[in-house]
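*Asks:* What would the 3D arrangement of this be:
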Amino acid sequence: GGGGGSAAAAPESAPYPGGSKRRQEAEAAARSSVFELQVADTLDGEKQPQLIVKGALDREQRDSYELSLRVRDGGDPARSSQAILRVLITDVNDNSPRFEKSVYEADLAENSSPGTPILQLRATDLDVGVNGQIEYVFGAATESVRRLLRLDETSGWLSVLHRIDREEVNQLRFTVMARDRGQPPKTDKATVVLNIRDENDNVPTIDIRKIGRIPLRDGVASVAEDVLVDTPIALVQVSDRDQGENGVVTCTVVGDVPFQLKPASEGEGEPQNKRKYFLHTSAPLDYEAVRDYNVVIVAVDSGSPSLSSNNSLLVRVGDTNDNPPMFSQAVLEVSFPENNLPGERVATVVATDADSGKNAEITYSLEASPLSSEAPGSIFSIDPDSGDVSVQAVLDREQRDTYEFQVTARDKGVPSLQGSTTVVVRVSDRNDNEPRFMQDVFTFYVKENLQPNSPVGMVTVMDFDKGRNAELSLSIQPGDHDQAAGIFSIENDTGTIFSTVSFDREQQTSYTFKVKAVDGGEPPRSATATVSLFVMDENDNAPTVTFPSNSSYTVLPPSSNMRTVVATVVATDADTGLNADLNYSIVGGNPFKLFEIDPASGVVSLVGKLAPKHYGLHRLVVQVNDSGQPPQSTTALLHVFVNESLSNATVVESQVARSLHTPLAQDIAGDPSYELSKQRLSIVIGVVAGIMTVILLILVVVMARYCRSKGKHGYEAGKKDHEDFFTPQQHDKAKKPKKDKKGKKGKQPLYSSIVTVEASKPNGQRYDSVNEKLSDSPGIGRYRSVNGGPGSPDLARHYKSSSPLPTVQLHPQSPTAGKKHQAVQDLPPANTFVGAGDNISIGSDHCSEYSCQASSKYSKQVRALHPAGPNTHTHVHRA
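*Replies:* A predicted model of the protein is given here:
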């Protein structure tokens, strides 16, 4: 065994009677520094071993000890025996909870939906029972922390209670306490640092302001046509409230306008989400060509997905007196196919000048576009006299689909005036690229029970080609196991995927298939992408109770203590998450509030004290609800039979079977006949009181008649009527009736009588009780007439006699009055008196509909008065 104490040898005991001598010793088999065995002598000479704790006990280090005890007598040879002593160490709350970490840190995306789990705090306690049960609560936490976050007291899960906006708060720091349920409770605390991660939920803002001498009012800027190129005309400020990449903004000017944006500063210290730009003119302005420019500025952030906003500025060009060469078009767009031969002509540009002579002679040249820093001379060339533009390189539309450069026409006047036009060469497409999906794998989440033919996702595919070469045809390709065969379809124009069936997550949680894209070029080109579809759970399954079954029952002794675990209701739910988070409640069958159920674990406990009225079958109606919206529920029956033992299982099973057909609104709890027995007792007592009242009235009437009869006729002392039934018969002459000890008949009271009834069994033995005699007499229990039976006395004649009323013995062997079975009763005036019926018994061993027990017997017996029979001795005494 484990450690134990050493045993001190007991001294030799005194000789026992008979000359025998015995010595007793007790020792522990194992030695230890924790326990010690001491043997003490008792007054009667016996040895009493005592186990002494001499070392510190720590249940967390060791929760039990097993000691081997040996006892040996002092004979020769010595005899001994041994036993195992197990010492169990109980727990005290001497350990505090301990968190796994002192600091918990986590990131949370802003705008997370309520209920989103963040992290789980875990603490352990070396104690057991309630000393080791831990609950988690907020410690030092601000009001905003308690408003935005929820902490589960049992599991330690920290989740979102309300949506958090990073622009309002970017970090939450607080403490959480772990507290056990011991007395007094012990605690530990941990710090939680929650960093709010930015989400791209704010669009950029664009603010256009006046700069320099350029007037700007109500979104309109006035600029003279002779203004210099690259002149700043407005200040553009762009900002985004988001953080990081979500706040990095790119700002551009949209459209073919002679304006461009330039950063106001190149400093590295400028915030990424706040930038300033100058809006510059990128080309000369000509009032005769274009009078107004609508400059649209677009700001796009770098978030995913990106957000954008725009603002516009109307630029009005002021007129001056000049006539430079003029092109028919300010911008000349030319379509030219890719994969060309070098030296092919692209276009011819022509300019006119209102002037004449040398001032109207025009020469052409190529210049870079204000929006492009690339010199066009490496790709394009122009004939200075004719204005023919030729390409010097092979063009690839997928690399660059637009070339923009400027053709300048200069006259030969002095000073020379010039005009320019922008040439935009748009490269036309040939089918030399295959389609390309934005992602190799598309992942979608869809709720179950979605209506058939509902959209479940959208794929994005592109083709770097253009026109018919980029016209794509989409189709669903079955997967390895043909999951998508006949289930999904795709809309060719939008890439929207539809389902032809309603999903059931409990049947299948995910689908995987491929989408194929084929372009319309010659020859056609194609590409494929994988689609993974995950079915999200809906609360479409009610909880299922796996234990107990409705027809089962459990036995609960009446001596059970409070908080005794009666049973555990076990239920499952095919759903997941909150839809499978079950809670239990008792909704019926608990009128005495004897039981309660733990909402989380389903443990049914006894919380009330059991009384005799609670004996029997209790049917608890337990409802199991999940936490879905809307919630689903299931009702189960828990039968508890309260009794000391289960002596007749068949009776209990029949009661359980009857309860299954009893409406749930009707409570089945304990012994229903308990209160009924109390009512019956009250009824019987009332009946007996009524009977006694009637008898008392009869006695009053009898005494009144007796007194009137006495007044009319009277009687002489010592004179007896020869027909008086109290006169002994001839065969009783040998046995004189017993006289009163005082011997004075004249002094006997005349107003009442005492009738004593004594019976003996046929074999000469006496009955132990009236009940025993009445049970042997078939006539007892009915009203019987004395007048007319064989040997029955005529009581009426006795009342008419004027003789005194002496003590009369009807049978020589009758015992004296006052020993057994006496009932005080006034004799009735007629020759018929009433005998008591069967025993009146209230309460007996009974088996009610829902209980089977032995209740206390309450019985009230009224002894019968009946004529003397062959085995009955009757004594009538005058009192």
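
*Asks:* What residue spans form the domains of the protein?
*Replies:* Following the TED database, one gets these domains for the chain: 35-88, 98-197, 205-318, 326-408, 436-536, 544-676.

*Asks:* what's the first-to-last distance across the fourth one?
*Replies:* Right, domain 326-408. End-to-end distance of domain 326-408 (CA to CA, to the nearest Å): 10 Å.

*Asks:* got it, and stretch 364-384?
*Replies:* Termini of stretch 364-384 sit 4 Å apart (CA to CA).

*Asks:* Could you pull out the buried residues of it?
*Replies:* 364, 366, 369-371, 376, 379-382 (16 or more other CB atoms under 10 Å). Heads up, the C-betas are built off the backbone N, CA and C, glycines and all.

*Asks:* ranges for the helices of the protein?
*Replies:* 143-148, 649-659, 673-712, 770-776, 795-800 (DSSP state H).

*Asks:* Could you report the neighbour count for the closest residue in space to E361 that isn't next to it in sequence?
*Replies:* Ranked by CB to CB, 6 or more residues apart in numbering and with sequence neighbours excluded, the top spatial neighbour of E361 is K412, at 4.5 Å. K412 has 15 neighbours, counted by other CB atoms under 10 Å.

*Asks:* Do you know the pLDDT at K412?
*Replies:* If you check K412, the pLDDT there is 80.

*Asks:* Could you do T124 as well?
*Replies:* 92.

*Asks:* quick thing: my sequence starts at 49, can you match it?
*Replies:* Yes, from this point I'll number from 49; that puts the last item at T172.

*Asks:* Check the contact between V296 and P319; I expect there is one.
*Replies:* No: V296 lies out of contact with P319 (CB atoms under 8 Å); the separation is 9.9 Å.

*Asks:* Between those two, which has more neighbouring residues?
*Replies:* Neighbours were counted for V296 and for P319 using other CB under 10 Å; V296 has more, 18 against 10.

*Asks:* Need the nearest residue in space to that one, chain neighbours excluded.
*Replies:* S350 (4.3 Å).

*Asks:* That neighbour against E293, yeah?
*Replies:* Yes: between S350 and E293 there is a contact at 4.5 Å, judged by CB under 8 Å.

*Asks:* okay, the two: which has more neighbours?
*Replies:* Taking neighbours as other CB under 10 Å, S350 and E293 compare with S350 leading, 17 against 14.

*Asks:* Low-confidence regions, the stretch 399-548 of the chain specifically.
*Replies:* 402-405, 407, 419-423, 425, 527-533 (pLDDT under 70).

*Asks:* Tell me where it has strands.
*Replies:* For the stretch 399-548 of the chain, strands defined by DSSP state E, counting those that start in this stretch occupy the ranges 399-400, 410-416, 428-430, 436-439, 450-459, 466-476, 484-485, 489-495, 502-506, 509-510, 520-525, 536-538, 544-547.

*Asks:* Just send those strands back as CSV, with distance to S376 too.
*Replies:* As requested, these are exported to CSV (distance: least, CB to CB, whole Å):
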stretch, distance to S376
strand 399-400, 7
strand 410-416, 13
strand 428-430, 16
strand 436-439, 15
strand 450-459, 11
strand 466-476, 8
strand 484-485, 40
strand 489-495, 50
strand 502-506, 45
strand 509-510, 37
strand 520-525, 39
strand 536-538, 48
strand 544-547, 46
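
*Asks:* Minimum distance to L136: which of the ones you listed has it?
*Replies:* strand 489-495 (53.7 Å; CB to CB).

*Asks:* could you say what helices and strands that closest one packs with?
*Replies:* Where contact means 3 or more CB pairs under 8 Å, 6 or more residues apart in numbering; DSSP states H and E, strand 489-495 is packed against strand 502-506, strand 574-584.

*Asks:* mind checking how far T400 is from D334?
*Replies:* 13 Å (CB to CB, to the nearest Å).

*Asks:* Between those two, which is the more surrounded one?
*Replies:* D334 (21 against 13).

*Asks:* What count of nearby residues applies to the nearest residue to that one once chain neighbours are set aside?
*Replies:* Among residues not flanking D334 along the chain, E273 sits closest, at 5.9 Å (CB to CB, 6+ apart). For E273, the neighbour count with other CB under 10 Å is 17.
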